[in-house]
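K.L.:
Sharing a sequence plus its predicted fold:
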Amino acid sequence: MELKLVYFASLRERLGTGGETRDIPADVATVGDLMTWLKGQDEAYAAAFEDGAKVRAAVDQVHAKPETLLANAREVAFFPPVTGG
Amino acid sequence: MELKLVYFASLRERLGTGGETRDIPADVATVGDLMTWLKGQDEAYAAAFEDGAKVRAAVDQVHAKPETLLANAREVAFFPPVTGG
Amino acid sequence: MGVRVQTDDFDLNAEVRALTAGRTDIGAVVTFTGLVRGKASDRVLASMTLEHYPGMTEAELQRIDEEAHRRWDLDATAIVHRVGDLRPGDQIVLVIAASRHRQNAFEAAAFLMDFLKTRAPFWKKETGADGVGAWVDARESDDDAVRSWG
Amino acid sequence: MGVRVQTDDFDLNAEVRALTAGRTDIGAVVTFTGLVRGKASDRVLASMTLEHYPGMTEAELQRIDEEAHRRWDLDATAIVHRVGDLRPGDQIVLVIAASRHRQNAFEAAAFLMDFLKTRAPFWKKETGADGVGAWVDARESDDDAVRSWG
């Protein structure tokens, strides 16, 4: 499955990119699965996603949890806890 | 004791005056005493002070209660519950 | 810290800037503006007249303001209240509370309004579209609001 | 009802007037303005950069705004949030809640800010007077604030 991944703030800086398109294996069913799969890609991802509690996600621009299904998602975002306002 | 009395809003309209100076008997010790004494003055005062629960008072520009002592007060105000804001 | 009673209208921007200009320690500014509504309990209003107790009004507003500063860590506050003749849509009252953090500013602004409503000596007289004038009754919910602050 | 994300500064008067002009049903307008503070945990700031998630930000602010309208009887609301480079004293965010009665307006404005702080995808990076940049950490007290609304 082809998926657009976007990264923000400290996560974007650590990964050195604001986004990428990836071909995701069929057994990656949830946001949590996707984080685990990304961590296995290389050291930069492993480091960026190491502290899972500090990474938040959104699926198609709606806040998501680790158990949220990717289903037919087009865009998944990862970012640290928000600090606006 | 000479005392400046001031009236506001509906009380002022009922009494037909915004204020007056009165010579108060020595046995009028509290705000409540003063209200009772004023009620005895004539029908207009009796009517204006009839519903004591709806009359508020201030002594020298500080909110007062029926039991507040007049002591050396210079100015006593009577008015309905406030409705600003 | 400033309390004012005036017949003139006030300008929200100018009042806020007077408190925040040249400062970088304020993180949160909450303002409350009260407006004359065109209808009161199904009665259409033509105008409203605000009477007050000159001298006591300013003193009481000052006391309410000082109490807010005792209860919360505030960087600045302002209270402006109009008197005289107003029309539907006109501004009546402005309260500003500025603080480093938002919760202080929100709570202090609500507190200032609750106490102003029940303690500051202002009285509203409404004149209906029919020309009939009537003094506004105090609302019990305002007394409840004050009691909730303990 | 209007939510906006912009690099430009905003004008408090203009934003309030846009909600209240020509209306006489609004009795209470509460505004919250967030400002860049010159010090953060004893660190002197030179500037702050606000990053956001275009598309999701507007959608999330819209969702928060709709939730406020579900919870309170509101006549009008507005949320304006700036992004890009800001300096100490600059305005960051504006929330307005207008209602017939003051309690609704106060509560809705506080609610909008609490939810914006914990749900809208904005991130602040502070640059110190020493030139060192650091992403701001989320505060637990903000999560507590959101939970308090149930």
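P.N.:
Noted; the coordinates are in hand. Predicted model, so just to flag it, every value in this text is computed and none were measured.

K.L.:
Might you name the residue of chain C sitting closest to chain B?
P.N.:
C:Phe122 (2.6 Å; CB to the nearest CB). All C-beta atoms are positioned from the backbone trio N, CA, C, and that covers glycine.

K.L.:
what about that residue, how many neighbours?
P.N.:
Using other CB atoms under 10 Å in any protein chain shown, the number of residues around C:Phe122 comes to 26.

K.L.:
Excluding residues flanking it in the chain, which one is nearest it?
P.N.:
B:Gly84 (2.6 Å; CB to CB, 6 or more residues apart in numbering or on different chains).

K.L.:
Could you do A:Ala73 as well?
P.N.:
Sequence neighbours aside, A:Val59 is the residue nearest to A:Ala73 in space, at 4.9 Å (criterion: CB to CB, 6+ apart).

K.L.:
residue contacts, that neighbour?
P.N.:
A:31, A:68, A:70, A:73, A:75-77 (CB atoms under 8 Å, 6 or more residues apart in numbering or on different chains).

K.L.:
Including secondary structure, neighbour count and distance to B:Ala53, could those go into JSON lines?
P.N.:
Shown next, in JSON lines, are the contacts of A:Val59 (DSSP: H, G, I helix; E, B strand; the rest coil; neighbours: other CB atoms under 10 Å in any protein chain shown; distance: CB to CB, whole Å):
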{"residue": "A:Val31", "secondary structure": "helix", "neighbour count": "23", "distance to B:Ala53": "63"}
{"residue": "A:Thr68", "secondary structure": "coil", "neighbour count": "19", "distance to B:Ala53": "60"}
{"residue": "A:Leu70", "secondary structure": "coil", "neighbour count": "19", "distance to B:Ala53": "67"}
{"residue": "A:Ala73", "secondary structure": "coil", "neighbour count": "19", "distance to B:Ala53": "66"}
{"residue": "A:Glu75", "secondary structure": "strand", "neighbour count": "16", "distance to B:Ala53": "65"}
{"residue": "A:Val76", "secondary structure": "strand", "neighbour count": "23", "distance to B:Ala53": "65"}
{"residue": "A:Ala77", "secondary structure": "strand", "neighbour count": "24", "distance to B:Ala53": "62"}
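
K.L.:
ok, back up a step: now do the same for the residue of chain C closest to chain B: its pLDDT.
P.N.:
The model reports C:Phe122 with a pLDDT of 98.

K.L.:
got it, and C:Met1?
P.N.:
Looking at C:Met1, the pLDDT reads 60.

K.L.:
now do C:Ala40
P.N.:
So, for C:Ala40, pLDDT stands at 78.

K.L.:
And the lowest mean pLDDT element among the helices and strands of chain A?
P.N.:
Scoring the helices and strands of chain A by mean pLDDT, DSSP states H and E places helix A:43-48 at the bottom, with a mean of 94.

K.L.:
picking that back up, tell me the one of the contacts of A:Val59 nearest chain D?
P.N.:
Distance to chain D, by CB to the nearest CB, is smallest for A:Ala77 among the contacts of A:Val59, at 6.2 Å.

K.L.:
contacting residues for that closest one?
P.N.:
A:5-8, A:57-59, A:61, D:53, D:56, D:121.

K.L.:
now, which of the residues you listed lie within helices?
P.N.:
Within those, residues falling in helices by DSSP state H are D:Met56.

K.L.:
a markdown table for the contacts of A:Ala77, including distance to D:Val95?
P.N.:
Output for the contacts of A:Ala77, formatted as a markdown table (distance: CB to CB, whole Å):
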| residue | distance to D:Val95 |
| --- | --- |
| A:Leu5 | 32 |
| A:Val6 | 27 |
| A:Tyr7 | 28 |
| A:Phe8 | 22 |
| A:Ala57 | 26 |
| A:Ala58 | 22 |
| A:Val59 | 27 |
| A:Gln61 | 21 |
| D:Tyr53 | 19 |
| D:Met56 | 19 |
| D:Pro121 | 17 |
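
K.L.:
Need the three-state assignment for the residue in chain A that chain B sits nearest to.
P.N.:
Nearest residue of chain A to chain B: A:Gly85, at 28.4 Å (CB to the nearest CB). For A:Gly85, the secondary-structure state derived from DSSP: H, G, I helix; E, B strand; the rest coil is coil.

K.L.:
Chain C: strands as residue ranges?
P.N.:
Listed in chain order, the strands of chain C (DSSP state E) span C:2-6, C:28-35, C:39-40, C:43-52, C:76-82, C:84-86, C:91-99, C:122-128, C:133-135.

K.L.:
Lowest average confidence across those strands, which one?
P.N.:
The stretch with the lowest mean pLDDT among these is strand C:39-40, at a mean of 84.

K.L.:
residues touching the residue of chain C closest to chain B, list them.
P.N.:
By CB under 8 Å, 6+ apart, the contact set of C:Phe122 is B:82-85, C:50-52, C:57, C:81, C:83.

K.L.:
closest to chain D among these?
P.N.:
Of all the contacts of C:Phe122, chain D sits closest to B:Gly85, with 8.0 Å by CB to the nearest CB.

K.L.:
Distance-wise, check the closest one relative to B:Ala29.
P.N.:
For B:Gly85, the distance to B:Ala29 (CB to CB, to the nearest Å) stands at 34 Å.

K.L.:
now swap in C:Arg23 and tell me
P.N.:
51 Å.

K.L.:
With C:Lys124 instead?
P.N.:
Taking CB to CB as the measure, C:Lys124 falls 34 Å from B:Ala29.

K.L.:
just to revisit the earlier point, turn the contacts of A:Val59 into a markdown table, including pLDDT.
P.N.:
What follows is the contacts of A:Val59, written out as a markdown table (pLDDT from 0 to 100):
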| residue | pLDDT |
| --- | --- |
| A:Val31 | 97 |
| A:Thr68 | 97 |
| A:Leu70 | 96 |
| A:Ala73 | 96 |
| A:Glu75 | 98 |
| A:Val76 | 98 |
| A:Ala77 | 98 |
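
K.L.:
Can you name the residues of chain A sitting close to chain D?
P.N.:
A:6, A:8-10, A:58, A:61-63, A:77, A:79-85 (CB under 8 Å from any CB of the partner chain).

K.L.:
May I see the ChimeraX selection of the buried members of those residues?
P.N.:
A single ChimeraX command selects the buried members of the residues of chain A next to chain D (16 or more other CB atoms under 10 Å in any protein chain shown):
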select /A:6,8,9,10,58,61,63,77,79,80,81,82,83,84,85
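
K.L.:
if you look at the residues of chain A next to chain D, which of them are in strands?
P.N.:
Judged by DSSP E, strands contain the following of the residues of chain A next to chain D: A:6, A:58, A:62-63, A:77, A:79.

K.L.:
got the contact list for the residue nearest to the spatial centre of chain C?
P.N.:
Centroid-nearest residue in chain C, with CA atoms, centre = their mean: C:Val93, separated by 3.9 Å. Shown in contact with C:Val93 (CB under 8 Å, 6+ apart): B:84-85, C:32-34, C:79-82, C:113, C:116.

K.L.:
now C:Thr118
P.N.:
Listed by CB under 8 Å, 6+ apart, the contact set of C:Thr118 reads B:81-82, C:138, C:142-143, C:145-146.

K.L.:
Many thanks, we can stop here.
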